[in-house]
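Engineer: Got a predicted model here, sequence first, then my questions.
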Amino acid sequence: LLDSPGDVGLFCSMAIDLNDKVHISYWDLTNKNLRYINNTEGPWVLAVVDSVGDVGAYCSIATDPGGAAHISYYDSTNYDLKYANNTGGSWSSTTVNSGGTVGIDTAIAVDGDGHVHISYYDADADDLRYATDSSGSWHWSIVDGEGNVGMRSSITTGPDGTVHVGYYDWTNA
């Protein structure tokens with residue numbers, strides 16, 4: 001048991017860094033916040049990443065080549081896609097996409113250069129969206145807008161930096 005009491009552990013996502021250390025993000029339903037736990041220094045250490053509003057659902061975690069954690073997640077209070085990282089030693093978070101109900105079913109990947117890639121569902125438009133900070137600031141685009149697509153996405157990057165996204169097509173199910 002890594003965390004208790006309360007209703008914790010929803011939308012659990014796990015990553016293992018290059019040093020075989022475990023990083024886990026999850027939503028604490030009881031307190032409506034995003035939590036993170038890791039064993040990078042030996043014993044498990046818990047942190048509250050974001051607690052402003054109802055945040056943390058649909059979270060996904062990845063680590064970069066330096067071992068820092070990157071988390072994409074949904075802000076249920078504002079219906080936004082959010083992103084947090086601990087690259088500077090402490091957690092910082094930002095809104096990546098807002099306007100409508102965006103950021104559900106997030107998936108995150110970090111490429112070999114440390115650039116972040118996020119796939120997610122736009123529930124208002126029923127579209128698959130993609131966001132990246134590879135240019136130095138956040139940019140997002142619609143990847144597929146044909147029908148009701150984009151739920152339950154998964155994302156990864158290849159050795160050459162190519163981004164690959166898998167997702168559910170509700171229209172053609």
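Structural biologist: On my side now, so go ahead. Residues are numbered from 1 along each chain as shown.
Engineer: Report the contact partners of the nearest residue to Ala131 once chain neighbours are set aside.
Structural biologist: Leaving aside its sequence neighbours, Ala131 sits nearest to Trp140 (CB to CB, 6 or more residues apart in numbering; 4.0 Å). (C-beta placed from N, C-alpha, C; glycine too.) Going by CB atoms under 8 Å, 6 or more residues apart in numbering, Trp140 touches Leu81, Val96, Asn97, Arg129, Tyr130, Ala131, Thr132.
Engineer: what about Tyr121, neighbour count?
Structural biologist: By the measure other CB atoms under 10 Å, the count of residues near Tyr121 is 29.
Engineer: List the pairing partners of the helix or strand where it lies within its sheet, with orientation.
Structural biologist: Per DSSP states H and E, Tyr121 falls inside strand 116-122. Strand pairing for strand 116-122, determined by DSSP bridges: strand 102-110 (antiparallel), strand 127-132 (antiparallel).
Engineer: quick one, the helix or strand that the shortest one is followed by and strand 116-122 angle?
Structural biologist: So that's strand 127-132. Note on strand 127-132: by DSSP H and E, the next helix or strand toward the C-terminus is strand 139-144. Put simply, strand 139-144 runs at 50 degrees to strand 116-122, going by axes from the mean of the first three to the mean of the last three CA atoms, to 10 degrees.
Engineer: Pull out the buried positions in strand 139-144.
Structural biologist: By 16 or more other CB atoms under 10 Å, the buried positions in strand 139-144 come out as Trp140, Val143, Asp144.
Engineer: ok, back up a step: who wins for neighbours among the contacts of Trp140?
Structural biologist: The most crowded member of the contacts of Trp140, judged by other CB under 10 Å, is Leu81 (28 neighbours).
Engineer: the helices in this structure, which residues?
Structural biologist: Counting by DSSP state H, the chain has no helices to list.
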